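Q: sequence plus the predicted model coming up.
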Amino acid sequence: MIELINIKKIFNMGRPNEFVAVDGVSLLIESHKITVFKGPSGSGKTTLLSLIGCMARPTSGRIMVSGNEITSLPERFLTEIRRKIFGFVFQQFHLIKGITVLENVMLPAYPLGEKYSALRKRAVSLLDLFNLSHKVSSKVEWLSGGETQRVSIARALVNDPSVVIADEPTAYLDTKLSREFLEIAERMKKEGKTILIASHDPLVYESDIVDRVVEMRDGKIISREKS
Amino acid sequence: MIVNPSIISLLLGSLFICSMLLYSAYYGIHILKRWDIRSGSELQLILERKTYLISTIMNYAFGFQLASLFLFIFTADHLHNLFIGAMCAAGTLNVNVYGYPAIIMKTVNCLLAGTWLIMNYTDNRAFDYPLIKKKYFLLLVITPLLGAELFLQSAYFSGLRAHVITSCCGSLFSIGEESITSDIASLSGLFTKVAFYLSMVLTFVSGMYFYKKRNTAGYAFAFMSTVTFVVSTSSLISFISPYFYELPTHHCPFCILQREYGYAGYALYITLLGGAISGLGVGAIMPFRDIQSLSKTVPGIQRKLTVTALISYFLFTGIVTYQIVFSNLTMKGY
């Protein structure tokens, strides 16, 4: 369970270009469900997800993850949480060019100091799960759009996070690949993961696999639909 | 004032530390008044972020504070040939009335700064800022003392005039004068030797006992570490330094910083200060062992501090004992 209590995020506070990205959001997000945040560009979806994923701190308000307050945590504890609780799939995937698919997937697990052979085995089996075992040694710049997306999902899952955050994951994908992503998301949900997606793609927020759609505009929640 | 790179560094360093401390103290007052971890208010989140900044600033500032004590001693020793009658730091510090108060204040502030760094390190190991108010309260106590140090140091350095006639260790640390240092130098060598080795033995016994049992003996160890620091400092004047000079009437604690004595004074003072700060640190964080978020980390930190204190005092005792055994000076009846 993730609980947001009166979350506010203001950029450039006190300056002429002050911008309120998230404005007093309170929300309960259930575990093991798919929640989609929809809304136009600039509505605060990405900022809210980055706050939940401990990549930024709110200006005010508190966020509770499984009963533990995370917004007040010192940075080194946040790093631990980012590594163990959250997995991220970015809009532009952010894979690192020049290294192989396998190395990209293994990268987030390196700081945990796990035995290399065990980590490699896990990364290979993850890539196998996404039908990418034949691409293990390929450089990421050689991949197609769909393959890139699946590698980024495999990377998000390498530390076995309980929450997967995906920011506009279908923005650069065609309909076929977008449906493929939704199938993967459904599979992750069945495995017990909580999935948070920011998207303004109707294919995503109108999908049957989505449990809840939270609509945002101007940093505020304007509706909370449940399917 | 004598323009010298070390003096400029010390004054600028002290000024920098004081200004950083004033900045930190300003937020320290806000933290003491307004800190509420349960609140998600804008002010609370600002204070949480500020604590990271202040913690980083003070780590560097107090790190410099610890190093500056030795730079101060080095400077005082280095400048002695500018003053008539001065043969070591003892004479330089005696050029005006601010010299000795400045070095005493610097030593006290070093002990407090070391204790604060240990508290800060401990607080940063927990997720819920359990020592936040306590460490900022200590910071507010240290602030005026560092201000006093800046004043004394500035007054001392600005009052230095070349060719001033001054008294040096020959009279300041000799028996028969009316001063505290003379009284310490007059102490019976046998008595201070027994006190020195006894305090070291008790410190080691309490330290080893605490290391093994991990119980409230930490208080006893911290107390003994402090007592040992005082006894050892007195012993340096009373009986240790004569063994270095191989002259029973020379009790100066500063000449041993010079080249002809292998700069042994620096090793002695570093180990002594290291032992005192680490030992004090054990006691300083002792009351926080039962705090839930610290219960697993404090014992580990205390064990490291205990080992550091014991190694430091062991090295100090080793250097002193080596000198007593191998010195050409034999003090019969001591």
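A: Great, that's in hand.

Q: for residue A:43, helix, strand, or coil?
A: Assigned with DSSP: H, G, I helix; E, B strand; the rest coil, residue A:43 falls in the coil class.

Q: go ahead and confirm it touches residue A:222.
A: No: counting by CB atoms under 8 Å, residue A:43 stays clear of residue A:222, with 9.0 Å between them. Every C-beta, even on glycine, is put in place using the N, C-alpha and C of the backbone.

Q: those two: which is more packed in?
A: residue A:43 (23 against 11; other CB atoms under 10 Å in any protein chain shown).

Q: what's the nearest residue in chain A when you look at chain B?
A: residue A:62 (3.8 Å; CB to the nearest CB).

Q: for the closest residue to that residue other than its chain neighbours, the count of nearby residues, please.
A: The shortest distance from residue A:62 to any residue other than its chain neighbours is 3.8 Å, reached at residue B:40 (CB to CB, 6 or more residues apart in numbering or on different chains). Look at residue B:40: counted by other CB under 10 Å, it has 21 neighbours.

Q: correct me, but residue B:40 touches residue A:64?
A: No: Residue B:40 lies out of contact with residue A:64 (CB under 8 Å); the separation is 10.3 Å.

Q: overlap in contacts, those two.
A: residue A:5 (CB atoms under 8 Å, 6 or more residues apart in numbering or on different chains).

Q: next one: phi and psi at residue B:97?
A: Main-chain dihedrals, residue B:97, degrees, to the nearest 10: phi -70, psi -10.

Q: what's the local residue count around it?
A: 12.

Q: and the helix ranked longest in chain B, what's buried?
A: Counting by DSSP state H, the longest helix found in chain B is helix B:42-78. Residues of helix B:42-78 classed as buried: B:44-48, B:50-51, B:54-55, B:58, B:61-62, B:64-66, B:68-78 (neighbour count, 16 or more other CB atoms under 10 Å in any protein chain shown).

Q: ok, now stretch B:283-295?
A: Burial within stretch B:283-295, assessed by neighbour count using 16+ other CB under 10 Å, is assigned to B:283-286, B:288-289, B:291, B:294.

Q: CSV for those, including pLDDT?
A: Below are these laid out as CSV (pLDDT from 0 to 100):
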residue, pLDDT
B:283, 94
B:284, 94
B:285, 94
B:286, 93
B:288, 93
B:289, 91
B:291, 92
B:294, 92
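
Q: quick one: end-to-end length of stretch A:6-15, please.
A: 23 Å (CA to CA, to the nearest Å).

Q: what does stretch B:226-244 give?
A: Using CA to CA, the end-to-end distance of stretch B:226-244 comes to 25 Å.

Q: would you mark the buried spots in it?
A: B:226-229, B:231-244.

Q: burial of residue B:107, as a residue count?
A: Residue B:107, neighbours per other CB under 10 Å, totals 19.

Q: give me the distance between it and chain A.
A: As judged by CB to the nearest CB, to the nearest Å, residue B:107 and chain A stand 32 Å apart.

Q: give me the nearest residue to that residue, chain neighbours excluded.
A: Counting by CB to CB, 6+ apart, residue B:69 is the residue found nearest to residue B:107 once chain neighbours are left out, at 6.4 Å.

Q: what's the answer for residue B:77, then?
A: Using CB to CB, 6+ apart, the closest residue to residue B:77 is residue B:89 (4.1 Å).

Q: what's the burial count for residue A:156?
A: For residue A:156, using other CB under 10 Å, the count is 23.

Q: in chain B, what residue comes closest to chain A?
A: residue B:40 (3.8 Å).

Q: contact partners for that residue?
A: With CB under 8 Å, 6+ apart, residue B:40 has these contacts: A:5-6, A:58, A:60-62, A:71.

Q: if we go to 10 Å?
A: Residues near residue B:40 by CB atoms under 10 Å, 6 or more residues apart in numbering or on different chains: A:5-8, A:58-63, A:69, A:71-72.

Q: can you check residue B:128 too?
A: A:69, A:72-74, A:77, B:37, B:291-294 are the contacts of residue B:128 under CB under 10 Å, 6+ apart.

Q: same question, residue A:132
A: Per CB under 10 Å, 6+ apart, neighbours of residue A:132: A:101-102, A:105, A:124, A:126, A:138, A:143, A:146-147, A:150-151, A:154.

Q: give me the lowest-pLDDT entry from those residues.
A: Of all the contacts of residue A:132, residue A:146 has the smallest pLDDT value, namely 85.

Q: my read is that it contacts residue A:169, right?
A: No: taking contacts as CB atoms under 10 Å, residue A:146 lies outside contact range of residue A:169: 11.7 Å.

Q: overlap of the contact sets of the two?
A: Both residue A:146 and residue A:169 are contacted by A:177-178, A:181, under the criterion CB under 10 Å, 6+ apart.

Q: contacts only, for the closest residue to residue B:328 other than its chain neighbours.
A: Leaving aside its sequence neighbours, residue B:328 sits nearest to residue B:246 (CB to CB, 6+ apart; 4.9 Å). Applying CB under 10 Å, 6+ apart, we find residue B:246 in contact with B:323, B:327-330.

Q: sec struct for the nearest residue to residue B:82 once chain neighbours are set aside, please.
A: Leaving aside its chain neighbours, residue B:82 sits nearest to residue B:162 (4.8 Å; criterion: CB to CB, 6+ apart). Using three-state DSSP, the structure places residue B:162 in coil.

Q: given the one helix or strand in chain A whose mean pLDDT sits lowest, what are its sheet partners and their directions?
A: For chain A, the helix or strand with the lowest mean confidence is strand A:220-226, at a mean of 81 (criterion: mean pLDDT, DSSP states H and E). Take DSSP bridges as the rule and strand A:220-226 pairs in its sheet with strand A:212-217 (antiparallel).

Q: what does the average pLDDT come to for the longest helix belonging to chain A?
A: Identified as the longest helix of chain A according to DSSP H is helix A:175-190. Helix A:175-190 carries an average pLDDT of 89.

Q: from the middle of its chain, how far away would the helix or strand just after it be?
A: Once the chain leaves helix A:175-190, the next helix or strand it forms, by DSSP states H and E, is strand A:194-198. Mean C-alpha position of strand A:194-198 versus that of the full chain (CA atoms, centre = their mean, to the nearest Å) differs by 6 Å.

Q: swap in stretch B:197-205?
A: Relative to its parent chain, stretch B:197-205 has a centroid offset of 20 Å by CA atoms, centre = their mean.

Q: contacts for that stretch next, please.
A: B:217, B:220-232, B:235, B:275, B:279, B:309-310, B:313-314, B:316-317, B:320-321.

Q: please redo it, this time with the cut-off set to 8 Å
A: With CB under 8 Å, 6+ apart, stretch B:197-205 has contacts from B:221, B:224-225, B:227-228, B:231-232, B:279, B:309-310, B:313-314, B:317.

Q: next, count neighbours for the residue nearest to residue B:77.
A: Neighbours of residue B:89 (other CB under 10 Å): 28.

Q: ok, it - contacts?
A: Residue B:89 sits next to B:73, B:76-77, B:80, B:254, B:257 when contact means CB under 8 Å, 6+ apart.

Q: same list, these, but as a markdown table with pLDDT please.
A: Below are those laid out as a markdown table (pLDDT from 0 to 100):
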| residue | pLDDT |
| --- | --- |
| B:73 | 92 |
| B:76 | 91 |
| B:77 | 90 |
| B:80 | 88 |
| B:254 | 88 |
| B:257 | 90 |
